[in-house]
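In: Quick one, fold the following:
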Amino acid sequence: MVDATISLVDRGSIRTDRNFLIENETMGSAVDPNPDVEMIEGPVYNLVIDHPEATILWDTGSHPECGDGYWPAELYAAFEHHDADEHPLPDALEDVGYSVDDIDAVFQTHLHLDHAGSLHRFAGTDVPVFVHEQEIKYAYYSAKTEQGSSAYVPDDFDHDLNWRIVHGDIETHFEDIEFLHLPGHTPGVMGTRIDIDGYGTVVFTSDQAYTRANYVEEHPMGGELLWSKRHWEESLHRVQEIERRTDADVYCGHDPDDVEALRDGLP
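Out: Numbering: from 1, shown residues only. Modelled structure (predicted):
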């Protein structure tokens, strides 16, 4: 167990169709051929892990100008981060007592546009940015070709950054923190397991599980949010096994209830 604290960094909310988050949640039928879709809001958050070895920023959130043309129009229409400009990273960090200059390391769960949009704050610095090998390959493949996924914005990550590439399924770069490769949503999504003195074990899934329904009820995300359903199921069961073995608290990537539980920080 390590003497660390975790602070929630509020980056606003994304508004989107619930069908993206839960596969086939709203479907037509002969009785109801035109059902109403449900637009819901999901929080975007980062974390500051204040660890004896480093102050670690967990994800960097959306770019504050995503609604002003920085994101492609069709993506913004599908995933409207309507208040991103109200929660730029420096201000959001200041709200919990930190500054960009306080950050010693960045952990990128993956490089989608709502997770990597403030990496430019660390361009040209020696701050290490941890990302999985499979993720950085797929992000560039997607951004630079017509294949892959449309959810990557090259200007988010195509910078002079001090990349630290994670290659394995589990890697430990700081005491009692494990970087967990959890492919499914993307090829290189990583979650984080932390064993905190005075609290216990906590796992942050990132977008391996977007909401509690994905994790607890095992409902997969909609097809456009899954790179591989088979890998997603394997990663889900892996996190569930960690929870069973360690009695861990598990926090999902965009779940409102999870964010409220984190508001006061850990432990």
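In: List the buried residues in the lengthiest helix in the chain.
Out: Using DSSP state H to assign secondary structure, the helix with the most residues in the chain is helix 229-246. Across helix 229-246, burial judged by 16 or more other C-beta atoms under 10 Å covers 231, 232, 235, 236, 238, 239, 240, 242. C-betas here are computed from N, CA, C, even on glycine.
In: what's the distance between the first one and residue 134?
Out: Read that as residue 231. Distance of residue 231 to residue 134, given as C-beta to C-beta, to the nearest Å: 10 Å.
In: overlap in contacts of the two?
Out: Both residue 231 and residue 134 are contacted by 183, 187, under the criterion C-beta atoms under 8 Å, 6 or more residues apart in numbering.
In: worst-scoring helix or strand of the chain, pLDDT-wise?
Out: In the chain, no helix or strand scores lower on mean pLDDT, DSSP states H and E than helix 18-21, which sits at a mean of 93.
In: ok, which stretches of the stretch 51-200 of the chain are helices?
Out: For the stretch 51-200 of the chain, applying DSSP state H, counting those that start in this stretch gives helices covering 73-78, 89-95, 133-144, 154-157.
In: circling back: what mean pLDDT does the longest helix of the chain get?
Out: In this model, helix 229-246 has an average pLDDT of 98.
In: what are the pairing partners of the next helix or strand after it, and which direction each?
Out: Proceeding N to C from helix 229-246, the next assigned helix or strand is strand 249-251, under DSSP states H and E. Each strand paired with strand 249-251, and its direction, by DSSP bridges: strand 200-204 (parallel).
In: Now do the partner strand, average pLDDT.
Out: The predicted model assigns strand 200-204 a mean pLDDT of 98.
In: Tell me which residues of it come out buried.
Out: By neighbour count on 16+ other C-beta under 10 Å, the buried set for strand 200-204 is 201, 202, 203, 204.
In: for stretch 249-265, what is the average pLDDT?
Out: Confidence for stretch 249-265, expressed as mean pLDDT, is 97.
In: Which secondary structure elements does the helix or strand residue 259 falls within sit against?
Out: Element membership for residue 259 (DSSP H and E) is helix 256-262. Of the remaining helices and strands, those touching helix 256-262 by 3 or more C-beta pairs under 8 Å, 6 or more residues apart in numbering; DSSP states H and E are strand 5-17, strand 39-51, strand 249-251.
In: Let's have these in JSON lines, adding mean neighbour count and distance to residue 157.
Out: Below are these laid out as JSON lines (neighbours: other C-beta atoms under 10 Å; distance: least, C-beta to C-beta, whole Å):
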{"stretch": "strand 5-17", "mean neighbour count": "21", "distance to residue 157": "17"}
{"stretch": "strand 39-51", "mean neighbour count": "20", "distance to residue 157": "16"}
{"stretch": "strand 249-251", "mean neighbour count": "21", "distance to residue 157": "24"}
